[in-house]
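Engineer: predicted model and sequence below, questions to follow.
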Amino acid sequence: MPFHRYIKEKILEPLGMRRSTLNTAEFYADPDHIVPHWKKPDGTVEPSRFPYPNPEDNPGFSFIAAAGGIASSVNEMAKYLNSQIEKGAYPSGRLASMESFEKMQTLHIRRPEGYYGEYGYGYGLGVTPDFLGHKMVSHGGSILVSTAYMAFLPDAEMGVIMMGNSASLPYEDIAESVFAVLLGRDPYEAIPRLAVKRRMDRLTGTYEIYKGIESVRVVKKAGMLYLESKTPFAETLQPLIPEDTSLESTMFYTLMDGVKSPVEFVVHEDGHVDLFVERYCFHKAHC
């Protein structure tokens, strides 16, 4: 049996996920389907179509759909999430044994440690053993014109499902913030990623020396800060590498041809920020 039909018959239909499908023809036939959007490099978006063939018409493609071929809705994915929390159980039966679901949600392959320490993969699911005192199971992905994310805390019976019709949406930040709120925590205190982003945003902007004779910009790109300089003679873009990855310290350095050069931000009590690059002192002019 082709993969896409197996998933439909053995998982989607038993869970009552009647609108969920790997058949793109069925998706487009649904009068309430989304319009996928392609996010271009300049940040603008435009209507598009799913970038993969219909497995029903291309059986040889069916197995590749496992990487992201299901079209669904948050309401229907909530049924799947509930089945994960219940370890395979659903109102009229069981998808697989509790032991099998427990193995799915157990860390087997470790990846580099993240904000919450140990992290890795179970069977097709990301596993964070200690997220604010709870095991968090999650997975997300993008097919360039749509994205989705699922996360749940099995012991707390909490879950989040999110979907969007374009790419580059901050699902992890949102889901972890939702969990923090449900657990009675302040997201900006409990979620390290939010605190780091806030500290980075505080440092971005245009900096000038005396009377604006020279200026530089600190910009944020792909989770990093960069020092951008443009003059009539040259343009440079240097990564600012933090001495402290949590950015609680405002000491950074640039690295060029194997030579480290210190860069320091000084944040004053009134919120004003100074930037020291080698012997130069820049004052933040505006964001």
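Structural biologist: Received the coordinates, thanks.
Engineer: buried residues, stretch 64-74. List them.
Structural biologist: Buried positions in stretch 64-74, judged by neighbour count with 16 or more other CB atoms under 10 Å: 65, 68-73. Yep, even glycine has a C-beta here, placed from its N, CA and C like the rest.
Engineer: oh, I was asking about stretch 204-215
Structural biologist: Buried, per 16+ other CB under 10 Å, within stretch 204-215: 205-208, 215.
Engineer: enumerate every residue touching residue 161.
Structural biologist: Applying CB atoms under 8 Å, 6 or more residues apart in numbering to residue 161 gives the contacts 74, 77-78, 81, 148-150.
Engineer: just those residues now: which is nearest residue 39?
Structural biologist: Using CB to CB, residue 148 is the member of these that lies nearest residue 39, at 15.2 Å.
Engineer: give the bridge partners for the closest one, please.
Structural biologist: Residue 148 has the following beta-bridge partners by DSSP bridges: residue 141, residue 163.
Engineer: over to residue 274?
Structural biologist: residue 266, residue 283.
Engineer: just confirm residue 87 is within a helix.
Structural biologist: No: Residue 87 is assigned coil when assessed by DSSP: H, G, I helix; E, B strand; the rest coil, not a helix.
Engineer: that one touches residue 101, doesn't it?
Structural biologist: Yes: counting by CB atoms under 8 Å, residue 87 touches residue 101, with 4.1 Å between them.
Engineer: so for these two, which sits in the more crowded spot?
Structural biologist: It is residue 101, of residue 87 and residue 101, that has more neighbours when counted by other CB atoms under 10 Å, with 22 against 18.
Engineer: how close does the more buried one sit to residue 16?
Structural biologist: 18 Å (CB to CB, to the nearest Å).
Engineer: and residue 249, by the same measure?
Structural biologist: The value you get for residue 249 to residue 16, if CB to CB is used, is 52 Å.
Engineer: check residue 261 too.
Structural biologist: With CB to CB as the criterion, residue 261 and residue 16 are 61 Å apart.
Engineer: one more: residue 174?
Structural biologist: For residue 174, the distance to residue 16 equals 26 Å [CB to CB].
Engineer: repeat that for residue 95.
Structural biologist: Residue 95 is 12 Å from residue 16, by CB to CB.
Engineer: for residue 180, same thing?
Structural biologist: For residue 180 relative to residue 16 (CB to CB), the value is 31 Å.
Engineer: these two: who's more crowded?
Structural biologist: Taking other CB under 10 Å, residue 180 and residue 16 do not tie; residue 180 has more neighbours (19 against 13).
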